[in-house]
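[1] Prediction below, plus the sequence it came from.
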Amino acid sequence: MEYIFGIIVTLLIYGIIIKKVDSGRCFQYEFIVKTLIIIALYVICFVVLFIHFNYFSISAFIMLFIISIPVLMYKSLKYTIQRFYDLGLNGWYILLKLIPILSILVTIYLYFKKGNSKINEYDEAINYKKIFKEKRIIDIYDNIFFIDNYEYHYEKYMGKYIIKISYNDENNFFTEYLINKFNIVKNNIHKTIEITNDEFINTIKSLKLIIVDKSFYINLKELKIFIRKENFKYTIILEKYENNISKELFEAFNFIGSYFEDDEYIYFNKITKEDLIKWINNVA
């Protein structure tokens, strides 16, 4: 009975962690470095705890090491799940690590199996807001978009946008622009504005907003770009079928980093944060 209870608790804990860590990839080199650091910290914690409990009394200082152990366990599980994601596998594969002999084989596989550079379903973009500190971003989803910390609901049909504006958003610069530029219809719940697709695009251009698609792709001038963190540095990715690639466009963007491509994507990787910020500021 205790054995079954232990299995249920373990599955519950792993399920919660997998749900929490539902995206993001931990690439091969990054995974090796992070897990080796965690192992080293584990050793330090256990050595300190062993020495302390055998030769000293319990103190507030030693509690830091006790608390560190579950934190390290969570980090280890998180990076392992994200390593599976890097290989295009479901996070539940981490349960294989619970099987003693198989666990060794899985660990070897995770350390030595090279991931695919292509964008997969678990990929996660960088936080564009942090990179574009001096600019404003409009993050557009299917029926909602965000500007700063404000949320706007909209419907789109026949080339028009019907944007709903909350009364709480009246002081926002975007709302003020819409109120001054277009006709607003009021009701007891919200204000509504109807504009054409061209008017919506022109509004974005007039306010110099950077367009982000579902917190994933970013639109810079004529290109739809994905930027991710990879092995402690950054990678710029262009999907060939989403972009009209030309020599003139490449020269205008003056891309940085190491270049390579495959049948679907063009990559510029091994970019430092400082170089990425400089490049973004020049392009945007």
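    Here it is on my side, so go on.
[2] Now do Ile119 against Glu155, distance only.
    29 Å (CB to CB, to the nearest Å). No exception for glycine: its C-beta is placed from N, CA and C like everyone else's.
[3] More neighbours: these two, which one.
    Counting neighbours by other CB atoms under 10 Å for Ile119 and for Glu155 shows that Ile119 has the greater number, 17 against 12.
[4] Correct me if wrong: that one contacts Ile237.
    Yes. Using CB atoms under 8 Å, Ile119 makes contact with Ile237 at a distance of 6.4 Å.
[5] Against Gly15, how distant is the closest residue to Asp22 other than its chain neighbours?
    The spatial neighbour of Asp22 that comes closest, neighbours along the chain excluded (CB to CB, 6 or more residues apart in numbering), is Gly91 at 7.7 Å. According to CB to CB, Gly91 and Gly15 sit 9 Å apart.
[6] Overlap in contacts, Ile119 and Ile237.
    Contact with both Ile119 and Ile237 is made by residues 226, 265, according to CB atoms under 8 Å, 6 or more residues apart in numbering.
[7] Please pull out the lowest mean pLDDT helix or strand from this structure.
    Of the helices and strands making up the chain, the lowest-confidence element is helix 247-253, at a mean of 79, by mean pLDDT, DSSP states H and E.
[8] would you put the C-alpha positions of that helix in CSV?
    Provided in CSV are the C-alpha atoms of helix 247-253 (Å, rounded to 0.1, in the frame of the first residue of the first chain):
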residue,chain,number,x,y,z
LYS,A,247,20.0,39.9,-50.9
GLU,A,248,19.0,43.6,-50.6
LEU,A,249,16.9,42.7,-47.5
PHE,A,250,19.8,40.9,-45.9
GLU,A,251,22.2,43.8,-46.5
ALA,A,252,19.6,46.2,-45.0
PHE,A,253,19.3,44.2,-41.9
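[9] ok, residues contacting that helix?
    Among residues not part of helix 247-253, those counted as contacts by CB under 8 Å, 6+ apart are 220-223, 283.
[10] Which stretches in the stretch 101-250 of the chain count as strands?
    Defined through DSSP state E, counting those that start in this stretch, the strands belonging to the stretch 101-250 of the chain, from first to last, are 136-140, 144-147, 150-157, 160-166, 185-186, 190-196, 209-213, 217-220, 223-230, 233-239.
[11] between those, which gets nearest to Cys26?
    Taking CB to CB as the criterion, strand 223-230 is the member of those that comes nearest to Cys26, at 9.9 Å.
[12] what angle do the closest one and strand 233-239 make?
    Between strand 223-230 and strand 233-239, the angle formed by their directions is 150 degrees, by axes from the mean of the first three to the mean of the last three CA atoms, to 10 degrees.
[13] So which elements touch strand 223-230?
    For strand 223-230, the helices and strands in contact under the criterion 3 or more CB pairs under 8 Å, 6 or more residues apart in numbering; DSSP states H and E are strand 217-220, strand 233-239.
[14] Pick out the shakiest of the ones you listed, pLDDT-wise.
    The weakest mean pLDDT among these belongs to strand 217-220, with a mean of 92.
[15] Direction included, what does it pair against?
    strand 209-213 (antiparallel), strand 223-230 (antiparallel) (DSSP bridges).
[16] May I see those organised as JSON lines, with mean pLDDT added?
    Formatted as JSON lines, the entries for the strands paired with strand 217-220 read as follows, by pLDDT from 0 to 100:
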{"stretch": "strand 209-213", "mean pLDDT": "93"}
{"stretch": "strand 223-230", "mean pLDDT": "94"}
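[17] Same list (these) but as a markdown table, adding mean neighbour count and distance to Ile179.
    As requested, the strands paired with strand 217-220 are exported to a markdown table (neighbours: other CB atoms under 10 Å; distance: least, CB to CB, whole Å):
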| stretch | mean neighbour count | distance to Ile179 |
| --- | --- | --- |
| strand 209-213 | 18 | 17 |
| strand 223-230 | 20 | 31 |
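[18] Now distance to Thr192 too, for those, in JSON lines please.
    Formatted as JSON lines, the entries for those read as follows, by distance: least, CB to CB, whole Å:
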{"stretch": "strand 209-213", "distance to Thr192": "21"}
{"stretch": "strand 223-230", "distance to Thr192": "30"}
